[in-house]
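Visitor: I would like to see how this sequence folds:
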Amino acid sequence: MKRNIDVCLSPKLIELYDLEGKIVVVVDILRATSVMVTAMAHGAKEIIPVATLEEAKSYLDKGFLCAAERGGAQVDGFPLDNSPFSYMNEEIKDQPIVITTTNGTLAITKSTTADEVLVGAFLNINAVADYIIKQNKDVIVHCAGWKGKTNMEDTLFAGALVDLLNSTHELACDTAHLSLKYYQSVKEDLFETVKNSAHARRLNKLHVIKDIEFCVKQSIYDLVPVLKEDKLVPAN
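Guide: Numbers count the residues shown, from 1 in each chain. Predicted structure coming up:
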């Protein structure tokens, strides 16, 4: 019997979904979950996602390596930003990293009643799909969006994951169907599509076009961050 897959397009809508007993895949393509996957692929011991700057500052004061982003830009006083390229170095190896972002970490903290919370990105999408298939559970893709609104790139990830799980999961509602059809219509031109998204245009002002191009690369990392208590660690 097939399981169900559903899509929540914004953290503002997540209370409409029953998360108990299900896997939630949180996605924030530009750039929080792409950063988390990249950091873990380059040896970060664990990632501690926190929703507020105050929480992140408390970890910073204790000597943790911390990243903070608001509105796409690095927050003053924090050593790490929200670019995946900042996590491709020896500094982060074997270190716990605390991260707070505008949208992605909020979506994670709003998903904790699920049976499991995974972090997804195009960078690890095949690994996420394989993990879900092995667990044999219903799935909700929780798109971080932008300040409560729907965004293009997270919706496209949702559609891509629905596409990969087509043989094992039924579409639970029209949102999953819309996400799938949207992805299928632009999948051959994904970078050009995402490059024209509202958030990509915001990020362009920060001169991070290389980040956008990197974040739509598919399945270059074979790992799945999973939330254990308050920390993201690699799934077994």
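Visitor: Can you show me the strands along this structure?
Guide: Assigned by DSSP state E, the chain shows strands spanning 3-8, 23-27, 46-49, 65-70, 73-74, 96-100, 116-120, 139-143, 169-171, 225-228, 231-234.
Visitor: Distance to T38 and mean pLDDT added to those strands, as CSV?
Guide: Every C-beta, even on glycine, is put in place using the N, C-alpha and C of the backbone. Shown next, in CSV, are the strands of the chain (distance: least, CB to CB, whole Å; pLDDT from 0 to 100):
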stretch, distance to T38, mean pLDDT
strand 3-8, 24, 98
strand 23-27, 14, 98
strand 46-49, 11, 97
strand 65-70, 12, 93
strand 73-74, 16, 88
strand 96-100, 11, 96
strand 116-120, 11, 98
strand 139-143, 19, 98
strand 169-171, 27, 97
strand 225-228, 10, 98
strand 231-234, 13, 98
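Visitor: and L232, how many neighbours?
Guide: L232 is flanked by 28 other residues according to other CB atoms under 10 Å.
Visitor: That one and T33, how far apart?
Guide: Relative to T33, L232 is positioned 10 Å away (CB to CB, to the nearest Å).
Visitor: Next, show the common contact partners of these two.
Guide: By CB atoms under 8 Å, 6 or more residues apart in numbering, L232 and T33 have these common neighbours: V119.
Visitor: which stretches of the protein aren't confidently modelled?
Guide: When residues are selected by pLDDT under 70, those of the chain lie in 204, 206.
Visitor: Nearest the geometric middle of it, what residue?
Guide: By CA atoms, centre = their mean, the chain has its centre lying nearest to V27, at 2.7 Å.
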